[in-house]
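This is a predicted model, with the sequence first.
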Amino acid sequence: MRILIVDDERPLLRALAMNMTARGYEVTEADTGTKALTAAATVEHDVILLDLGLPDVSGIDVIKAIREYAQTPIIVLSARTGSSDKVTALDLGADDYVTKPFSIDELLARVRAATRRGAVGAPTVQIGSVSLDLAAKTATGGDGERVHLTPTEWHLVELLVRHPGKLITGRSLLTELRGSPEHTDPSYLRIYMAQLRRKLEPHPTRPQHLITEPGMGYRFQP
């Protein structure tokens, strides 16, 4: 598996490269946005780790450029803690966001989740004891009883489970569900997520699979 690491902090770049290489990844290093874009266009990578604060081309612009021709999973690495930066990066096509400082174990878990993103082409997904047949649009509980989901609930849960581990912004979900995120009551998503949890999660008040990322969006955790 090949990974592109983009960061202008040379000590961090080298440390990440060494850790990833030790775990069997083939690593490409870039310390500027220009080098990152060249590397991404020249060699196909399985994952891109991207710092937002680059000295020449901003990480945001790098995301825009890459998303014009590739869907390679992008995990943003940044010391910026504001949710607006995270939401902007995610809305532009980043798959996840890790705030510095982070542990290597957390980063590796995010990398594994990102590379699983395309793996849910399988027609059946398990959430707790409920089995979702995405092709037949049926949900079946562990007791064999059918679980009724409305068309909107199906649309929402399918958007999440087809991208396991990926954080999807509320804005993106509203655009998919309603055609636009504008002029929509912000409680709209919360209501439908609460309904899905009551129907699918073993413990709806302590969800294990349909996860809220406060101020940002939602994530399906297999």
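Yep, that arrived.

all strands of this protein, in order?
2-6, 26-30, 47-51, 74-78, 96-99, 124-127, 130-133, 138-140, 146-147, 167-169, 210-213, 217-220 (DSSP state E).

just those: most buried one?
Neighbour counts (mean count of other CB atoms under 10 Å) averaged over each of the strands of the chain peak at strand 47-51, with a mean of 26. C-betas here are computed from N, CA, C, even on glycine.

Name the nearest residue to residue 17, sequence neighbours excluded.
residue 27 (4.7 Å; CB to CB, 6 or more residues apart in numbering).

Tell me what that neighbour is bridged to.
Under DSSP bridges, the beta-bridge partners of residue 27 are residue 3.

from what I can see it touches residue 15, true?
No. Taking contacts as CB atoms under 8 Å, residue 27 lies outside contact range of residue 15: 11.5 Å.

What's the per-residue pLDDT of residue 160 here?
pLDDT, residue 160: 91.

With residue 102 instead?
In this model, residue 102 is scored at 88, pLDDT.

Next up, the contacts around the spatially most central residue of the chain.
Nearest to the mean C-alpha position of the chain, by CA atoms, centre = their mean, lies residue 166 at 2.1 Å. Residue 166 makes contacts with 95, 96, 113, 114, 117, 219, 220, as judged by CB atoms under 8 Å, 6 or more residues apart in numbering.

try residue 137
residue 154.

Repeat that for residue 36.
4, 6, 30, 48, 50, 54, 57, 62.

Check residue 146 too.
Shown in contact with residue 146 (CB under 8 Å, 6+ apart): 138, 139, 140.

how about the nearest residue to the first one, chain neighbours excluded?
With CB to CB, 6+ apart as the criterion, residue 138 has its nearest non-adjacent residue at 6.7 Å, and that residue is residue 146.

And the last one, by the same measure?
Nearest residue to residue 140 in three dimensions, chain neighbours excluded: residue 131, at 5.0 Å (CB to CB, 6+ apart).

isn't residue 73 right next to residue 46, touching?
Yes. In this structure, residue 73 is within contact of residue 46 by CB under 8 Å, at 7.4 Å.

so what sits against both of the two?
Taking CB under 8 Å, 6+ apart as the contact rule, the neighbours common to residue 73 and residue 46 are residue 115.

Which of these two has more residues huddled nearby?
In this view residue 73 and residue 46 are compared by other CB atoms under 10 Å, and residue 73 has more residues nearby, 26 against 15.

State the distance from the more buried one to residue 94.
Using CB to CB, to the nearest Å, one gets 9 Å for the distance from residue 73 to residue 94.
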